[in-house]
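Asks: Next comes the sequence, and after it the predicted model I'd like to discuss.
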Amino acid sequence: MTTDDLVYDLREEEDETRFRGIYSPDEYERERSAPRPLADAIAQSPFAAAYIERCENWFLITRLEGQEADAPIYSLSSGARGQDVDMFGMGRWKDLLDALAPYGISEQGGWCPVPPERRDWLSRTQQQEDAMTEQTSAAMKPHWGSLPKGAHLRVILPGRGKVQGKKRRKRGGRNT
């Protein structure tokens, strides 16, 4: 087995030390932040989060804590580079991958682990997600009783999905 075949869990101090020993400091930083498959990027982030950038947009997937190991829940948020979150959702792995497919994004590669240096960005993003969740909950509260069990909802909040610059952000999705 070569070092290319090994998987280092950079959340574990012992693995981090071994990984650092393989590379020079510059090579280490390049390898640590190199794009990889989504599952690997989430596993190697100290925040269980990975991001990818496509065209002028970023996409972030975070594994939520406290979920069962066999069926975890993930959050997906997205926005234009340098802008706030303008899309947010929660669901199972396959559901989020289905939501990303229209953007040409898969789990295969191109994902980067969210490193410790991006803690502030991640924190701001999660605060925006929390605010969107509260708005959605408040908007849906009067309708909860009339929804069929297991219904998939898509809620567009006021002020979201507007024109950004000269281009409108392309939204994909399927009819459910």
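Replies: Structure's in. What do you need? Residues are numbered from 1 along each chain as shown.
Asks: CA only for contacts and neighbour counts going forward, please
Replies: Will do.
Asks: so residue 111 bridges to which residues?
Replies: residue 36 (DSSP bridges).
Asks: which residues touch it?
Replies: Contacts for residue 111 (Cα atoms under 8 Å, 6 or more residues apart in numbering) come out as 35, 36, 37, 38, 41, 50, 51, 52.
Asks: any chance of those in JSON lines, plus neighbour count, distance to residue 129 and pLDDT?
Replies: Below are those laid out as JSON lines (neighbours: other Cα atoms under 10 Å; distance: Cα to Cα, whole Å; pLDDT from 0 to 100):
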{"residue": "35", "neighbour count": "18", "distance to residue 129": "24", "pLDDT": "89"}
{"residue": "36", "neighbour count": "19", "distance to residue 129": "25", "pLDDT": "89"}
{"residue": "37", "neighbour count": "16", "distance to residue 129": "24", "pLDDT": "93"}
{"residue": "38", "neighbour count": "22", "distance to residue 129": "20", "pLDDT": "93"}
{"residue": "41", "neighbour count": "28", "distance to residue 129": "21", "pLDDT": "90"}
{"residue": "50", "neighbour count": "28", "distance to residue 129": "15", "pLDDT": "92"}
{"residue": "51", "neighbour count": "21", "distance to residue 129": "15", "pLDDT": "93"}
{"residue": "52", "neighbour count": "20", "distance to residue 129": "17", "pLDDT": "94"}
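Asks: now the residue sitting nearest the centre point of the chain, nearest residue through space, not along the chain?
Replies: Compute the mean C-alpha point of the chain, and by Cα atoms, centre = their mean the closest residue is residue 61, 1.4 Å away. Distances taken as Cα to Cα, 6 or more residues apart in numbering place residue 76 nearest to residue 61, at 4.6 Å, with adjacent residues excluded.
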